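Peer 1: Fold the following.
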Amino acid sequence: MTKSVRTARPTVVLLALLLAVLLAVPRVGRRLGGWFRHRCRRLAAGPPDAGMSTAEYAIGTVAACAFAAVLYKVVTSGTVSGALAEILERALHAV
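Peer 2: Residues are numbered from 1 along each chain as shown. As a prediction, this is how the structure comes out:
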């Protein structure tokens, strides 16, 4: 049982057309063949950064938490706390 061109899948028809071009015109065939191979490899490889965004967000969150902890320790230390209290006191008495 043979299939006619009308009932064949579009992909099969396109591949047959590409093969005909590859065999008919060598220079054009090489260029199209290279493009076709490149496109197939890119499609098979998937997205370039698949699965990376979650790890990047996790590292950024951990870094932000570490910076916040260091900043909290600095601000709650006696020297910085006293300096902030003096600045607020002067600002309130200046009015």
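Peer 1: how far away is R42 from F36?
Peer 2: Separation of R42 from F36 (Cβ to Cβ, to the nearest Å): 11 Å. Using the backbone N, CA and C atoms, a C-beta is placed for each residue, glycine as well.
Peer 1: can you list the weak-confidence ranges in the protein?
Peer 2: Applying pLDDT under 70 to the chain picks out residues 1-10, 13, 18-19, 21-33, 45-52, 95.
Peer 1: longest single helix anywhere in it?
Peer 2: helix 52-75 (DSSP state H).
Peer 1: Of R42 and F36, which one has the most company?
Peer 2: F36 (15 against 11; other Cβ atoms under 10 Å).
Peer 1: ok so, going back, residues making contact with the longest helix of the chain?
Peer 2: V80, S81, L84 (Cβ atoms under 8 Å, 6 or more residues apart in numbering).
Peer 1: So which of these are in helices?
Peer 2: Using DSSP H, the contacts of helix 52-75 in helices are V80, S81, L84.
Peer 1: Brilliant, that's me finished.
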